[in-house]
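Trainee: Give the three-dimensional model of this entry:
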Amino acid sequence: MNRDRAAAPRVLVIVQNLPVPFDRRVWLECRALTAVGYDVTVVCPKGPGDPARQVLEGVTLLKYRPYAPGGGFVQFALEYVWSFAATAALVLRGRRHGRFAVLQACNPPDIFWPIARVLRLVDGTRFVFDHHDLCPELFESRFPGGGRLLHRALLLLERATFRTADRVVSTNASYREVAVRRGGKAPADVTVVRTGPDPDRLRPAQPVPALRRGRRHLVAYIGVMGPQDGVDVAVRAADEVVHGLGRDDVSFTFMGAGDSYADVVALRDRLGLADHVDLPGRVPDQTVVDVLSTADVGLSPDPKNPLNDVSTMNKTLEYMAFGLPVVAFDLTETAVSAGPAAAYVADGDVRGYARTILELLDDDDERARMGRCGRARIEDEVGWPHQRVAYVRVYDELVGRVPVAAGPAPERERVIDLTAVEEAERAESAGPAGPAGPAEPAGAPADEHGVRRS
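Mentor: As a prediction, this is how the structure comes out:
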């Protein structure tokens, strides 16, 4: 370890639901800390082909073999037990190089507070809880009727995490309210840090007309395809556009994968939409950029439920970064994020959703106005450069450090894999991954989110 790193405050970040740097939010946070002189170590599961240890852009990554994914509650429980044990072992390994000044645990799940308590007792380590998801609500959305006892247990784990935390970082104001009211945190100890895109890295490129597949318009979706993401609603809306309203001038491309991917493909084929709706699974970064730079409208079809209503959908912010108007159901936090950059539809109104898509496609001026508004919100309000300042301040206050100006970004900066887009803020809601859909093409960049909700 060189002298500079030895003198830097050490930060340990624990992530369970995604590998890093696949988890876009966590990777942005790590880079923000290293830019101002923190020595950052991450413990997380391996992605395909990942080594057990690597140093990437100054961040040390310690990775364990993930538990085989499954879709049931028992599989989730076993995965979390395995992840806790593997994480604890790697924390001990990382501690050999010196104490950690701060531990940050990212949920889901809410199980790492015992590690924080041990490190506080032994080393005086401070604890930051990076609150990505509402785990009790996530359980309800994944396992309807799963039982009051299990729901109560998740509330207790959440409360223990809040009580252990010195500071809480919330992804939006609704989550901050949960931390204060349900978690008992003092408002001064909870900071909102949104997972906003970096407008310098995510911006429209030249359109690729061939992606419209011979039609006038292209409508896009990017993100996780899980039970709570509403991609089936988007397919049914496409059916209404094509067959119900007789429009043959619209192509749809829905990028991403997840537990519901196979069901979405089957629904598309059953509705006779194979020629209109492309479902390529996860795709390389450049394909994401090309599709979002060519599309006319971006879809956020997440249905209204207790979890989605208060969660920030990263795909919505990605569309805004590319200057795309958004069609969404009327969710509280979606409206906070997008404002007038989105058109809102009553929950469950598939026909209304389809008609709203067509209204935007047929109004070039309105699309352009909404696109400009969305891009401006990213540049001026919710983009990562604005969020980074608040995030770093949390650490500087905890360690009693005078804020340090960020240095220049690394010359060779990775482009974020947006198809992981919803896995990281929505894992950010999806829980452990299920079927992944088609494999990525050889040579595809390894990355997040999937940005996940939250």
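Trainee: so Gly371 touches Leu324, yeah?
Mentor: Yes: proximity of Gly371 to Leu324 meets the contact threshold set by Cβ atoms under 8 Å, at 5.9 Å. All C-beta atoms are positioned from the backbone trio N, CA, C, and that covers glycine.
Trainee: between the two, who's got more neighbours?
Mentor: Shown here are Gly371 and Leu324; by other Cβ atoms under 10 Å, Leu324 has more neighbours (28 against 22).
Trainee: any idea how far Val208 is from the more buried one?
Mentor: Distance, Leu324 to Val208, by Cβ to Cβ, to the nearest Å: 15 Å.
Trainee: again, but for Leu92
Mentor: Per Cβ to Cβ, Leu92 is found 49 Å from Val208.
Trainee: Pick out whichever of the two has more residues nearby.
Mentor: Remark: of Leu92 and Val208, Val208 carries more neighbours, 15 against 10, as counted by other Cβ under 10 Å.
Trainee: List the contacts of the more buried one.
Mentor: 290-291, 293-294 (Cβ atoms under 8 Å, 6 or more residues apart in numbering).
Trainee: List only buried entries from those.
Mentor: Among these, those classed as buried by 16 or more other Cβ atoms under 10 Å are 290-291, 293-294.
Trainee: Quick check: end-to-end length of stretch 281-289?
Mentor: 15 Å (Cα to Cα, to the nearest Å).
Trainee: And the pLDDT at Pro144?
Mentor: We have a pLDDT of 76 for Pro144.
Trainee: dump the residue contacts of it.
Mentor: Counting by Cβ under 8 Å, 6+ apart, Pro144 touches no other residue.
Trainee: helix or strand for it, which one?
Mentor: Under DSSP states H and E, no helix or strand contains Pro144.
Trainee: that older thread, can I get the buried ones among the contacts of Val208 in CSV with secondary structure?
Mentor: Shown next, in CSV, are the buried ones among the contacts of Val208 (DSSP: H, G, I helix; E, B strand; the rest coil):
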residue, secondary structure
Asp290, helix
Val291, helix
Ser293, helix
Thr294, helix
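Trainee: and the nearest residue in space to Ala220 that is not next to it in sequence, what does it touch?
Mentor: Using Cβ to Cβ, 6 or more residues apart in numbering and skipping residues adjacent in sequence, the residue nearest Ala220 is Ala295, 3.8 Å away. Taking Cβ under 8 Å, 6+ apart as the criterion, Ala295 is in contact with 218-220, 253, 322, 324.
Trainee: ditto for Tyr395
Mentor: With contacts defined as Cβ under 8 Å, 6+ apart, the neighbours of Tyr395 are 9, 11, 33, 38, 102, 128, 401.
Trainee: now Val11
Mentor: Listed by Cβ under 8 Å, 6+ apart, the contact set of Val11 reads 33, 38-41, 100-104, 395.
Trainee: and the host helix or strand of it, how far out from the chain's middle?
Mentor: Under the criterion of DSSP H and E, Val11 resides in strand 10-14. On the basis of Cα atoms, centre = their mean, to the nearest Å, strand 10-14 sits 19 Å off its chain's mean C-alpha point.
Trainee: for stretch 234-247, what is the average pLDDT?
Mentor: Mean pLDDT, computed over stretch 234-247, is 99.
Trainee: begin at 7 from here
Mentor: Sure thing, new numbering starts at 7, so read that last one as stretch 240-253.
Trainee: residues of that stretch that come out buried?
Mentor: Neighbour-count burial for stretch 240-253 flags 240-248, 253 (criterion: 16+ other Cβ under 10 Å).
Trainee: Over to stretch 36-50?
Mentor: Buried residues in stretch 36-50, defined by neighbour count with 16+ other Cβ under 10 Å: 36-42, 44-50.
Trainee: Between its first and last residues, how far does it reach?
Mentor: End-to-end span of stretch 36-50 (Cα to Cα): 13 Å.
Trainee: ditto for stretch 14-29
Mentor: Stretch 14-29: ends 24 Å apart by Cα to Cα.
Trainee: possible to save the contacts of Tyr401 as a markdown table with secondary structure and distance to Ala58?
Mentor: A markdown table is the format used below for the contacts of Tyr401 (DSSP: H, G, I helix; E, B strand; the rest coil; distance: Cβ to Cβ, whole Å):
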| residue | secondary structure | distance to Ala58 |
| --- | --- | --- |
| Pro15 | coil | 25 |
| Val17 | strand | 20 |
| Leu39 | helix | 22 |
| Tyr44 | coil | 23 |
| Val108 | strand | 24 |
| Val134 | strand | 25 |
| Arg407 | coil | 31 |
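Trainee: wait, which of those residues is closest to His392?
Mentor: Leu39 (16.6 Å; Cβ to Cβ).
Trainee: For the closest one, give me its contacts.
Mentor: Leu39 makes contacts with 17, 46, 398, 401, as judged by Cβ under 8 Å, 6+ apart.
Trainee: so where's this structure shaky on pLDDT?
Mentor: Scanning the chain for pLDDT under 70 picks out 7-12, 75-79, 409-460.
Trainee: can you give me the helices for the stretch 107-256 of the chain?
Mentor: Taking DSSP state H, counting those that start in this stretch to define them, one finds helices in the stretch 107-256 of the chain at 119-129, 141-148, 154-170, 179-187, 237-245.
Trainee: of those, which approaches Leu337 most closely?
Mentor: Closest approach to Leu337 among those (Cβ to Cβ): helix 179-187, 10.1 Å.
Trainee: Show me which positions of the closest one end up buried.
Mentor: Neighbour-count burial for helix 179-187 flags 180-182, 184-186 (criterion: 16+ other Cβ under 10 Å).
Trainee: Now render those as CSV, adding distance to Leu161.
Mentor: Output for those, formatted as CSV (distance: Cβ to Cβ, whole Å):
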residue, distance to Leu161
Ser180, 17
Tyr181, 15
Arg182, 18
Val184, 11
Ala185, 13
Val186, 15
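Trainee: And the longest helix belonging to the chain, what does it pack against?
Mentor: Longest among the helix segments of the chain by residue count, using DSSP state H, is helix 79-101. Applying 3 or more Cβ pairs under 8 Å, 6 or more residues apart in numbering; DSSP states H and E, we find helix 79-101 packed against strand 16-20, strand 45-51, strand 65-70, helix 119-129.
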